[in-house]
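Participant: All I have is the shape, not the residue letters:
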């Protein structure tokens, strides 16, 4: 789907995941630069930067429409379209694990802002 990529992880960021096709599927930088990546069941330190190669906001339907449109326009060949449409039904953590992590970044639970009454 993507025609660009980020081939390496800067020293202050942690690699989130990789595949055999794309080594860098996402990176995170914690607010405390000395923080270490948590264990699988550990608490996640406050996040300063979160970047993902994919689009966790895309539903299966959106992905299929993009694949069909790219096939129709010639951007993707027939075999890639067929394979993509099959894989579009694979498990997607966009509204699960990844969605919750993004939500935590957006609503960082530091000290609440001061308001005047």
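Facilitator: Perfect, I can see it now. From a predicted model like this one, the values you see are computed outputs, not experimental measurements.
Participant: Could you report the neighbour count for residue 75?
Facilitator: Residues near residue 75, counting by other Cβ atoms under 10 Å, number 14. Quick note: C-beta positions are derived from backbone N, CA and C, even for glycine.
Participant: what's the answer for the one 5 residues further on, then?
Facilitator: Neighbour count for residue 80, taken as other Cβ under 10 Å: 14.
Participant: Would you confirm that it belongs to a strand?
Facilitator: No - assessed with DSSP: H, G, I helix; E, B strand; the rest coil, residue 80 is helix; it does not lie in a strand.
Participant: And the strands in this structure, which stretches?
Facilitator: 14-17, 26-30, 47-52 (DSSP state E).
Participant: To residue 40, which of those lies closest?
Facilitator: Among these, the nearest to residue 40 by Cβ to Cβ is strand 14-17 (12.4 Å).
Participant: beta partners for the residue nearest the centre of the chain?
Facilitator: The chain has residue 52 as the residue nearest its centroid, 3.2 Å off, counting by Cα atoms, centre = their mean. Residues in a beta bridge with residue 52, per DSSP bridges, are residue 26.
Participant: Pretty sure it sits against residue 16.
Facilitator: Yes - between residue 52 and residue 16 there is a contact at 7.5 Å, judged by Cβ atoms under 8 Å.
Participant: list residues touching both of the two?
Facilitator: 25, 26 (Cβ atoms under 8 Å, 6 or more residues apart in numbering).
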